[in-house]
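S.K.: mind looking at a prediction? Sequence and model below.
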Amino acid sequence: MRKWGWQDLEQGEASTLLYPTMLENPELRWSFIRKVYSILSIQLFLTVVIAAVVVSVREISYFLVSSGLGLAVYILIIITPFVVICLLRLYYQRHPLNIFLLAIFTIAISAAVGLTCAFTSGKVILEAAILTLVVVVSLTLYTFWAAKRGQDFSFLGPFLFGALLVLLVFGFIQVFFPLGKISTMIYGALAAIIFSGYIIYDTDELIKRHTYDEYILASAALYLDIVNLFLSLLTLRSSEN
């Protein structure tokens, strides 16, 4: 008889439970999680490469901010992720269209990250990147540890959504009515806290609630959490200097 939580030596399959109430085959869930994190790793690698190119080739950033055509391209880069994420939610099961949409989504966000970094000092970028890495790894490990002990973080969803709406309004006010350095620091700190919460929430969703055909949506959600956390920390560190 096969027992959950032990290793099946005959088949060589790990059957470790992710959380106490799991009723499915743990091997299938672990396979799904590995698939999501593999896609996420490719997304993050692509983001680092594209952002590095934008930062290194100064002509790209200057073109986008100093000419009418460049401004139009910049607006297109900003709008594209919002359009594509809607399409992803409709066609996340349509292969290879879902992969193509995820690629466009990643490239557009990577270009936006590169443009942000192009006007930020290298020291601040490095500090924000290290902080992001530490926070993401720590919160991910914590969420897996907590889930295995029966804790559930689905209750965070409504609170995080409400906090995100407040953050968006705050950011909108900042664009048209700048409130100064202190308010920018507050904005960056609040954003970092909110997206840290989203990392816990979306990791918990990945472990317990995402179905096997939602790997694209799970990857996109975690990718957005990580990128937004990095940009929040970048804003926070930039406002301190």
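M.R.: Received, thanks.
S.K.: in stretch 154-173, what's buried?
M.R.: 156, 160, 163, 164, 167 (16 or more other CB atoms under 10 Å). Placement of C-beta: from N, CA and C, glycine included.
S.K.: buried sites along the helix ranked longest in the chain?
M.R.: For the chain, the helix with the greatest residue count under DSSP state H is helix 26-56. For helix 26-56, the neighbour count (16+ other CB under 10 Å) marks 26, 29-30, 32-33, 36-37, 39-40, 43-44, 47, 50-51, 54-55 as buried.
S.K.: chain center to that helix, what's the gap?
M.R.: 10 Å (CA atoms, centre = their mean, to the nearest Å).
S.K.: what's it packed up against?
M.R.: Counting contacts by 3 or more CB pairs under 8 Å, 6 or more residues apart in numbering; DSSP states H and E, helix 26-56 packs against strand 13-14, helix 58-66, helix 97-118, helix 181-208, helix 215-240.
S.K.: if we go to 7 Å?
M.R.: Packed against helix 26-56, as judged by 3 or more CB pairs under 7 Å, 6 or more residues apart in numbering; DSSP states H and E, are the following elements: strand 13-14, helix 97-118, helix 215-240.
S.K.: for the last one, what does the pLDDT average out to?
M.R.: Mean pLDDT, taken over the full extent of helix 215-240, equals 90.
S.K.: next, the angle helix 26-56 makes with that helix.
M.R.: Angle of helix 215-240 versus helix 26-56, following axes from the mean of the first three to the mean of the last three CA atoms, to 10 degrees, is 40 degrees.
S.K.: low-confidence bits of this structure, can you list those?
M.R.: For the chain, the stretches flagged by pLDDT under 70 are 1-15, 67-68, 70, 179, 239-241.
S.K.: circling back to that earlier point, deepest of the helices and strands packed on helix 26-56, which one?
M.R.: Of the helices and strands packed on helix 26-56, the one with the most neighbours on average (mean count of other CB atoms under 10 Å) is helix 215-240, at a mean of 22.
S.K.: just want the angle from that helix to helix 97-118.
M.R.: Per the same axes, to 10 degrees, the angle that helix 215-240 makes with helix 97-118 is 10 degrees.
S.K.: so helix 215-240 versus helix 181-208, what angle?
M.R.: 160 degrees.
S.K.: by contact count, what packs against helix 215-240?
M.R.: For helix 215-240, the packing partners by 3+ CB pairs under 7 Å, 6+ apart are helix 26-56, helix 68-91, helix 97-118, helix 122-148, helix 181-208.
S.K.: rerun at 6 Å
M.R.: helix 26-56, helix 97-118, helix 122-148, helix 181-208 (3 or more CB pairs under 6 Å, 6 or more residues apart in numbering; DSSP states H and E).
S.K.: which elements pack onto the shortest one?
M.R.: Spelled out, it's helix 97-118. Applying 3+ CB pairs under 6 Å, 6+ apart, one finds that helix 97-118 makes contact with helix 26-56, helix 68-91, helix 215-240.
S.K.: those: which one's closest to residue 120?
M.R.: helix 215-240 (5.8 Å; CB to CB).
S.K.: how far off centre is that closest one?
M.R.: 5 Å.
S.K.: then stretch 63-79?
M.R.: Put simply, stretch 63-79 sits 24 Å off its chain's centre (CA atoms, centre = their mean).
S.K.: just to revisit the earlier point, ok, of the buried residues of stretch 154-173, which one's closest to residue 60?
M.R.: residue 167 (28.8 Å).
S.K.: turn the helices and strands packed on helix 215-240 into JSON lines, including distance to residue 72.
M.R.: Converted to JSON lines, these look like this (distance: least, CB to CB, whole Å):
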{"stretch": "helix 26-56", "distance to residue 72": "17"}
{"stretch": "helix 97-118", "distance to residue 72": "14"}
{"stretch": "helix 122-148", "distance to residue 72": "27"}
{"stretch": "helix 181-208", "distance to residue 72": "27"}
